[in-house]
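Enquirer: Provided below are the primary sequence and the corresponding predicted coordinates.
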Amino acid sequence: MRDRRPQGLVAVLLLVAALGAPAYAAAGVDVPLPERAAAQVEGLHLLGAGHLNWFVFSVYDAALYVTGTSYSPERPFALAIRYERNFSAAELARTSLKEMLKLNPDGHAHKARWAQDLERAFPSVKSGDVLVGLCVPGQYTEFFFNGKPFSRVDDPSFGPAFFSIWLSPKTPVPELRKALLGDS
């Protein structure tokens, strides 16, 4: 049977672009880092984790892995997300681009390239799937799907813009950001 959820709701659930979407730190959230990602960057370790709900819907668990004692956009890091809902690759790409452009006004110059990169970056996900983005600043962003390499974006402007969705002080999910940064 075909899923008939309204497109608008799906997009909102995806990255929770709606204002005030509740998120919280989740004790016991365990979203593992793939061995291949950990092998690429020495010293990656868990900094913080949280769970994202949108009203009564459970959307995903997320975990931030960093080098050093805190998050720095100048050092390699990884964001791992275990989805609790199904999303198509097109939904992930479309909503990611929308949020990237909101948070990075100068990103409109990169819009066409980022759109292409996002279309190739993601698979469709279902509940239980894990998508991990590994950012090596100034070099590349690599995505792992269920522990295996899936795609790589070699544009140095992509990673900071993409991860700003969760890590920017202006994120639409500030409580999740606090949990990922270990501040909650």
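Expert: Thanks, I have it. Numbers count the residues shown, from 1 in each chain.

Enquirer: Can you point out the buried residues in the lengthiest helix in the chain?
Expert: When the chain is parsed with DSSP state H, its longest helix is helix 89-103. Buried positions in helix 89-103, judged by neighbour count with 16 or more other C-beta atoms under 10 Å: E91, L92, A93, R94, T95, S96, L97, E99, M100, L101, L103. Placement of C-beta: from N, CA and C, glycine included.

Enquirer: Next, the distance between the ends of stretch 47-60.
Expert: Stretch 47-60 has its terminal residues 17 Å apart, counting by C-alpha to C-alpha, to the nearest Å.

Enquirer: meant to ask about stretch 30-38
Expert: Note: stretch 30-38 ends 15 Å apart using C-alpha to C-alpha.

Enquirer: Outside of that stretch itself, list whatever touches it.
Expert: 44, 46, 49, 61-63, 65, 78, 80-82, 130, 132, 134, 142, 144, 147-149 (C-beta atoms under 8 Å, 6 or more residues apart in numbering).

Enquirer: Selecting buried members of these in ChimeraX, what would you type?
Expert: A single ChimeraX command selects the buried members of the contacts of stretch 30-38 (16+ other C-beta under 10 Å):
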select :44,46,49,61,62,63,65,78,80,81,82,130,132,134,142,144
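
Enquirer: Least confident secondary structure element in this structure?
Expert: helix 7-15 (a mean of 42; mean pLDDT, DSSP states H and E).

Enquirer: Show me where the protein has its helices.
Expert: Going by DSSP H, the chain shows helices at 7-15, 35-40, 89-103, 111-121, 158-167, 174-180.

Enquirer: Would you format these as CSV with distance to F57 included?
Expert: Rendered in CSV, the data for those read as follows (distance: least, C-beta to C-beta, whole Å):
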stretch, distance to F57
helix 7-15, 6
helix 35-40, 28
helix 89-103, 15
helix 111-121, 23
helix 158-167, 18
helix 174-180, 14
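
Enquirer: List just the one of those helices that sits closest to W54.
Expert: helix 7-15 (5.5 Å; C-beta to C-beta).

Enquirer: Quick check: D30 vs K126, distance?
Expert: Using C-beta to C-beta, to the nearest Å, we find D30 at a distance of 19 Å from K126.

Enquirer: now swap in E99 and tell me
Expert: For E99, the distance to K126 - C-beta to C-beta - is 22 Å.

Enquirer: so where's this protein uncertain?
Expert: 1-28, 184 (pLDDT under 70).

Enquirer: how does it look with 90?
Expert: 1-30, 32, 53-58, 105-108, 183-184 (pLDDT under 90).
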